[in-house]
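Participant: this one's structure only:
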């Protein structure tokens, strides 16, 4: 049953666009809003790469082992020269950003605007607020050359399988995907193996995933399969005044 509280948020939030056909004018206005958010994000994030995106739950507290592991990984990857990108919120996202921030690396976030107001964490050099999950997810993949999947919930699984699907279908390059914490992800990995046994995915596609419990192995895997494979270097800082870009902003 729909409560008054739920109804209020559906009426006031951007989720209305998923409620079937609306007038042509409303659909056109929505399209313009989406386009605006993409352009705003492209301008904001143009000089940040190359990135590693770290996915994980917003619910883990700062004293949890998952938080501490994400912080270590964020720090270690930033020392390789990567910008650390997350969803910009608390929990694993904050931990990874904090690791990069405190290690002297660069830390960015793509924050989702929700009814309960997820706020950007305090360890971001740059962030952007996005009202649409699909735009946010696109940005978290667009700028990254590797993905680290920490313990998380439904959103983390969505992000993991989005990245795998894009690689599987050759929409993006064969960037490394690291799943961290073999115990937490044991049943998930077993289910992926089951899909292989039933031929719904190929054995080759199992090789897209690297499961580990070691920060050192995360670093070595990304060195080998991202930095060396794609010849990555830090992008040069070249804002253009004729695009209205201010050097101090970047």
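Facilitator: The structure has been received and is ready for your questions. This one's a predicted model, so the numbers in the text were calculated from it and none came from an experiment.
Participant: residue 178: neighbour count?
Facilitator: 22 (other C-beta atoms under 10 Å). Where you see a C-beta, it was placed from the backbone N, CA and C, and this is true even at glycine.
Participant: which parts of stretch 134-149 are buried?
Facilitator: Of all the residues in stretch 134-149, those buried under the rule 16 or more other C-beta atoms under 10 Å are 135-149.
Participant: quick check: next helix or strand after the helix or strand of the chain with the lowest mean pLDDT?
Facilitator: Across the helices and strands of the chain, mean confidence by mean pLDDT, DSSP states H and E is lowest for helix 4-12: a mean of 42. Counting by DSSP states H and E, the next helix or strand C-terminal to helix 4-12 is helix 24-45.
Participant: now do the helix or strand just after that following helix: distance to the chain's middle.
Facilitator: Using DSSP H and E, the helix or strand that follows helix 24-45 in sequence is strand 51-55. In terms of C-alpha atoms, centre = their mean, to the nearest Å, the centre of strand 51-55 is found 5 Å from the chain centre.
Participant: what strands line up against strand 51-55, and which way round?
Facilitator: Paired strands of strand 51-55, with direction, are strand 83-86 (parallel), strand 144-149 (parallel) (DSSP bridges).
Participant: which one, of these, ends up nearest to residue 157?
Facilitator: strand 144-149 (8.6 Å; C-beta to C-beta).
Participant: which strands or helices does the helix or strand just after that closest one pack on?
Facilitator: Sequence order places helix 154-168 as the next helix or strand after strand 144-149, per DSSP H and E. Under the contact definition 3 or more C-beta pairs under 8 Å, 6 or more residues apart in numbering; DSSP states H and E, helix 154-168 sits against strand 51-55, helix 133-142, strand 144-149, strand 177-180.
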